[in-house]
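1. sequence-free structure coming up:
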């Protein structure tokens, strides 16, 4: 896992700037509450990359984008923390380098805003 600086920011109505934190994951990774974007790289190992989401209860309103940026024939599997779900399912699987999952915490579980899993 390595952190990648991203020169992108969002400006809110009070002119405050939020820097977006991007992480590259080449192996299993537990997402941090500070992560905004996780880019998975499966081609290096040929093994699936498993991403475990942070606790949805403790991170209500959190937005997170998971994007698969290379495809070595292995998948990226995104799972909720403990028994927490993603749209009612225990996990979501990204299967191609064009796959992405943009989710938010509703305070109990994770919900997708937009996704392309294959």
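-> Ah, there it is. Here the structure is a predicted model, which is why all the values come from computation and not from measurement.
2. In terms of helices and strands, where is residue 55?
-> Taking DSSP states H and E as the criterion, no element holds residue 55; it sits outside all helices and strands.
3. Apart from its neighbours in sequence, what residue is nearest it?
-> Leaving aside its sequence neighbours, residue 55 sits nearest to residue 81 (CB to CB, 6 or more residues apart in numbering; 4.7 Å). C-beta: built from backbone N, CA, C; applies to glycine.
4. Count residues in the vicinity of the one you found, would you?
-> By the measure other CB atoms under 10 Å, the count of residues near residue 81 is 18.
5. separation between it and residue 51?
-> Per CB to CB, to the nearest Å, residue 81 is found 11 Å from residue 51.
6. quick revisit: look up how far residue 69 lies from the residue nearest to residue 55.
-> 24 Å.
7. for this structure, what spans make up the strands?
-> 2-11, 17-25, 29-30, 37-41, 49-52, 63-70, 76-79, 91-94, 100-105, 110-116 (DSSP state E).
8. Ok, which of the ones you listed comes nearest residue 85?
-> Among these, the nearest to residue 85 by CB to CB is strand 110-116 (6.9 Å).
9. center of the protein - which residue?
-> A centroid search over the chain (CA atoms, centre = their mean) returns residue 66, at 3.0 Å, as the residue closest to the centre.
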